[in-house]
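Novice: Sequence and predicted structure below; questions after.
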Amino acid sequence: MNLPINKPLLENVLLETINPKELLLDLKSKQFSGYIYLVINDKFGFEENILLFSKGDIFGCIYLNDFYNKQIYGERAFELVKASFDKKDGLLSIYNLTNDQVKLTLIFNDKIKYVININKKSVQKMVFKYSEDYFKKVLNIKEEVDTKHSLLNKYQLNELLEI
């Protein structure tokens, strides 16, 4: 999915330093229009998470996993994005867009639409909790697949990557 790219407000901030509830409330108070782009590379491969905002409210959600060739949109994607915030080993970037850019993005990508009005009450109800079992279910993982990370651990080759 191609999204417009403007100068980032934040770029490649360690996810472990972010409080997602405070972030959402802050974006609402600033009437933010644009998107949050969250990237994680873990045992499930390279994951991209995107929350699209218009005037501080969420209007679209995207979850992409290249390793398992999964593209999930809307409400189901939002559940994955929330869980991804709890992984703590990713990077977060925030890109500003105009309201017209957001509208055009939604017009050409209707499947990503999922509207959440951000306020203290709605944010307090949100649970940002990672569950490996949930990701396995959504990604339809029936057995463990050897990934680069698991193979290095299995054969104790991690030292080779250290400098």
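Specialist: Perfect, I can see it now. Numbering: from 1, shown residues only.

Novice: Could you check how far the one residue sitting closest to the centre of the chain is from residue 40?
Specialist: When CA atoms, centre = their mean is applied to the chain, the residue found nearest the centroid is residue 49 (2.4 Å). For residue 49, the distance to residue 40 (CB to CB, to the nearest Å) stands at 7 Å. Every residue, glycine included, has its C-beta placed from N, CA and C.

Novice: quick one on the thing from earlier: show me what contacts the residue nearest to the centre of the chain?
Specialist: Contacts for residue 49 (CB atoms under 8 Å, 6 or more residues apart in numbering) come out as 36, 37, 38, 39, 40, 62, 63, 64, 77, 80, 81, 84.

Novice: Dump these into JSON lines; add secondary structure, distance to residue 140 and neighbour count as well.
Specialist: Compiled in JSON lines, the contacts of residue 49 are given as follows (DSSP: H, G, I helix; E, B strand; the rest coil; distance: CB to CB, whole Å; neighbours: other CB atoms under 10 Å):
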{"residue": "36", "secondary structure": "strand", "distance to residue 140": "26", "neighbour count": "24"}
{"residue": "37", "secondary structure": "strand", "distance to residue 140": "25", "neighbour count": "21"}
{"residue": "38", "secondary structure": "strand", "distance to residue 140": "22", "neighbour count": "24"}
{"residue": "39", "secondary structure": "strand", "distance to residue 140": "22", "neighbour count": "17"}
{"residue": "40", "secondary structure": "strand", "distance to residue 140": "18", "neighbour count": "20"}
{"residue": "62", "secondary structure": "strand", "distance to residue 140": "18", "neighbour count": "25"}
{"residue": "63", "secondary structure": "strand", "distance to residue 140": "14", "neighbour count": "24"}
{"residue": "64", "secondary structure": "strand", "distance to residue 140": "15", "neighbour count": "19"}
{"residue": "77", "secondary structure": "helix", "distance to residue 140": "16", "neighbour count": "24"}
{"residue": "80", "secondary structure": "helix", "distance to residue 140": "13", "neighbour count": "21"}
{"residue": "81", "secondary structure": "helix", "distance to residue 140": "19", "neighbour count": "23"}
{"residue": "84", "secondary structure": "helix", "distance to residue 140": "18", "neighbour count": "24"}
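
Novice: next SSE after the helix or strand hosting residue 78?
Specialist: Taking DSSP states H and E as the definition, one finds residue 78 inside helix 74-84. Under the assignment DSSP H and E, the closest C-terminal helix or strand after helix 74-84 is strand 91-96.
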